[in-house]
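Asker: generate coordinates for the sequence data below:
(one chain, ligands or ions: 1)
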Amino acid sequence: MQFIDLISQKNRIRTSLLQRFEAILDHGQYIMGPEVGELESQLARYAGTRFCVSCSSGTDALLMPLMAKGIGPGDAVITTPFTFIATAEVISLAGATPVFVDIVPETFNIDPAGIAAAVRQARERGLRPKAMIPVDLFGLPADYDALDEIAAAEGIWVLEDAAQSFGSAYRGRRAGSFGLAAATSFFPAKPLGCYGDGGAVFTDDEDLDRLLRSVRVHGSGADKYRNDRIGINGRLDSIQAAVLLEKLMIFDEELDARQRVAAAYSSRLGEKLVTPAVSEGCVSAWAQYSVLATGEEQRAKIMERLAGEGIPSVIYYRISLHLQKAFAFLGYREGDFPVSEEMSRRVFSLPMHPYLKEAEIERICSVIAASV
Ligand SMILES: *Cc1c(COP(=O)(O)O)cnc(C)c1O
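Answerer: Just a heads-up that it's a prediction; the model follows:
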């Protein structure tokens, strides 16, 4: 059994993909070819934003808005410790200081109630709080109504980390449309993935769109060899754009299939484990279906039983970012973010993809039922 089955999906779109690849071989614009512009307009329409700037990864999609807005040394950026390393890594790459705020246990997303105190503490340390990066973890949007209100009150801007949530919705708006800018990833295992690395930034701000396009190509100015600012090599390949154009055509159908898988899991596992809550007014993209065991011991037992039956399961995330060696220089200690730390001891994720069969779900759930 696969944790994420990319082969069934590939079989569905193989013929049309090969046609697109052939067209690229013939036109020869291998990087930033016509497929890239077509993809950007389709993605912007899908997310409901004015602009979309594609780029080479989700990490670059997070880094580029920070660079475009001049985030640097002395600035503080608020984020969650319960996420993939890239969310906080880009803050350090930009030269600024990550400031963590604990999460809400039900959603695994940043707790809006902790942000004002973190902003105040950052100011007391002599830092300038400039922005926050909420993450839509496992595909579920963070609480943007609350976050927008706090951001406005504190005078900071919001960068949505929608790397796992493209296709999800919050109160009628799609992920990618929150904050001043949003970043998503097209890493193959994400809900909308390509066949390599890729990402995109979304915004409604025309000036930011222009700056992002400059940062994406070495800070280019009026032409390629006039450089107005420090940028990166953040371009997207035409082949990756072509893959995404084909996958977008079946994306809504796949999202529906993910909802069916999640509902089937939840109806069977609700009495055995803590199953994922979907906040009111939200639709998850179900990048992961993550459950909670009672503790480390029970989790190890269940995962071992599953592995024994050939069923893969994965822990996202075993180590909260404030306890990672890479961030030791920030000076955080164990106990600083108790919810995040507890989740890291209890959480694990089950196979989740649109092609998971009813019989497979049944088998996974009965192995779990027999081991708790
Ligand atoms: C995957 C991911 C990223 C980084 O995306 P890449 O395309 O792998 O660079 C950033 N944030 C979160 C929450 C992610 O899951």
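Asker: the residue of the stretch 251-372 of the chain found nearest the ligand: neighbour count?
Answerer: Going by Cβ to the nearest ligand atom, the ligand is nearest to Ala287 of the stretch 251-372 of the chain, at 7.3 Å. C-beta coordinates here come from the backbone N, C-alpha and C atoms, glycine included. Ala287 sits with 28 neighbouring residues when counted by other Cβ atoms under 10 Å.
Asker: also Ala47?
Answerer: With other Cβ under 10 Å as criterion, Ala47 counts 23.
Asker: using CSV, write out every CA atom in the host helix or strand of Val77.
Answerer: According to DSSP states H and E, Val77 maps onto strand 75-79. Provided in CSV are the C-alpha atoms of strand 75-79 (Å, rounded to 0.1, in the frame of the first residue of the first chain):
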residue,chain,number,x,y,z
ASP,A,75,12.9,42.2,12.1
ALA,A,76,10.7,39.6,13.8
VAL,A,77,8.3,37.3,12.0
ILE,A,78,5.7,35.4,14.0
THR,A,79,5.0,31.7,13.1
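Asker: and the next helix-or-strand element following it, what's buried?
Answerer: Sequence order places helix 86-93 as the next helix or strand after strand 75-79, per DSSP H and E. For helix 86-93, the neighbour count (16 or more other Cβ atoms under 10 Å) marks Ala86, Thr87, Ala88, Glu89, Val90, Ile91, Leu93 as buried.
Asker: what about the fifth one, distance to Thr59?
Answerer: Spelled out, that is Val90. 6 Å (Cβ to Cβ, to the nearest Å).
Asker: now swap in the fourth one and tell me
Answerer: In this structure, Glu89 and Thr59 are 7 Å apart, going by Cβ to Cβ.
Asker: cool, and the third one?
Answerer: Distance check for Ala88 against Thr59: by Cβ to Cβ, it reads 11 Å.
Asker: would you enumerate the residues in contact with whichever residue of the chain sits closest to the ligand?
Answerer: The shortest separation between the chain and the ligand is 2.4 Å, found at Gly58 (distances taken as Cβ to the nearest ligand atom). By Cβ atoms under 8 Å, 6 or more residues apart in numbering, the residues touching Gly58 are Ala86, Ala163, Ala183, Thr184, Ser185, Phe186, Phe187, Lys190, Gly199.
Asker: could you check how far it is from Glu246?
Answerer: From Gly58 to Glu246 the distance is 20 Å (Cβ to Cβ).
Asker: and Phe166, by the same measure?
Answerer: Applying Cβ to Cβ to Phe166 and Glu246 gives a distance of 16 Å.
Asker: Glu296 now?
Answerer: In terms of Cβ to Cβ, Glu296 sits 42 Å off from Glu246.
Asker: of those two, who's got more company?
Answerer: Under the neighbour definition other Cβ under 10 Å, Glu296 and Glu246 were set side by side, and Glu246 has more, 20 against 11.
Asker: quickly find the element holding that one.
Answerer: Under the criterion of DSSP H and E, Glu246 resides in helix 238-249.
Asker: check whether that helix contacts the ligand.
Answerer: No: applying Cβ under 6 Å from any ligand atom, one finds helix 238-249 out of contact with the ligand, separated by at least 11.1 Å.
Asker: same thing with stretch 74-83?
Answerer: Yes: contact of stretch 74-83 with the ligand (Cβ under 6 Å from any ligand atom) involves Thr83.
Asker: so for that stretch, mean pLDDT?
Answerer: For stretch 74-83, the mean pLDDT works out to 98.
Asker: show me which residues of that stretch are buried.
Answerer: Asp75, Ala76, Val77, Ile78, Thr79, Thr80, Pro81, Phe82, Thr83.
Asker: check contacts around the third one.
Answerer: With contacts defined as Cβ under 8 Å, 6+ apart, the neighbours of Val77 are 66, 71, 91, 94, 96-99, 129-133.
Asker: of those residues, buried ones?
Answerer: With neighbours counted by 16+ other Cβ under 10 Å, these contain buried members at 66, 71, 91, 94, 96-99, 129-133.
Asker: between those, which is closest to Glu149?
Answerer: Glu149 lies nearest to Met132 out of the buried ones among the contacts of Val77, by Cβ to Cβ, at 12.2 Å.
Asker: pretty sure that closest one is in a strand, no?
Answerer: Yes: counting by DSSP: H, G, I helix; E, B strand; the rest coil, Met132 is located in a strand.
Asker: show me what contacts the residue nearest to it when sequence neighbours are not counted?
Answerer: Excluding the flanking residues, the one nearest Met132 by Cβ to Cβ, 6 or more residues apart in numbering is Ile78, at 3.9 Å. By Cβ under 8 Å, 6+ apart, the contact list for Ile78 reads 99-101, 110, 115, 118-119, 122, 129, 131-133, 156.
Asker: try 7 Å this time
Answerer: Ile78 makes contacts with Val99, Val101, Ile115, Ala118, Val119, Pro129, Met132, as judged by Cβ atoms under 7 Å, 6 or more residues apart in numbering.
Asker: Ser8 now?
Answerer: Contacts of Ser8 by Cβ under 7 Å, 6+ apart are Tyr355.
Asker: that one: which element?
Answerer: helix 7-27.
Asker: please apply the same query to Ala257.
Answerer: Counting by DSSP H and E, Ala257 is part of helix 251-269.
Asker: who are the packing partners of that helix?
Answerer: strand 289-292, helix 358-371 (3 or more Cβ pairs under 7 Å, 6 or more residues apart in numbering; DSSP states H and E).
Asker: ok, 10 Å please
Answerer: If contacts are counted by 3 or more Cβ pairs under 10 Å, 6 or more residues apart in numbering; DSSP states H and E, helix 251-269 sits against helix 7-27, strand 289-292, strand 347-350, helix 358-371.
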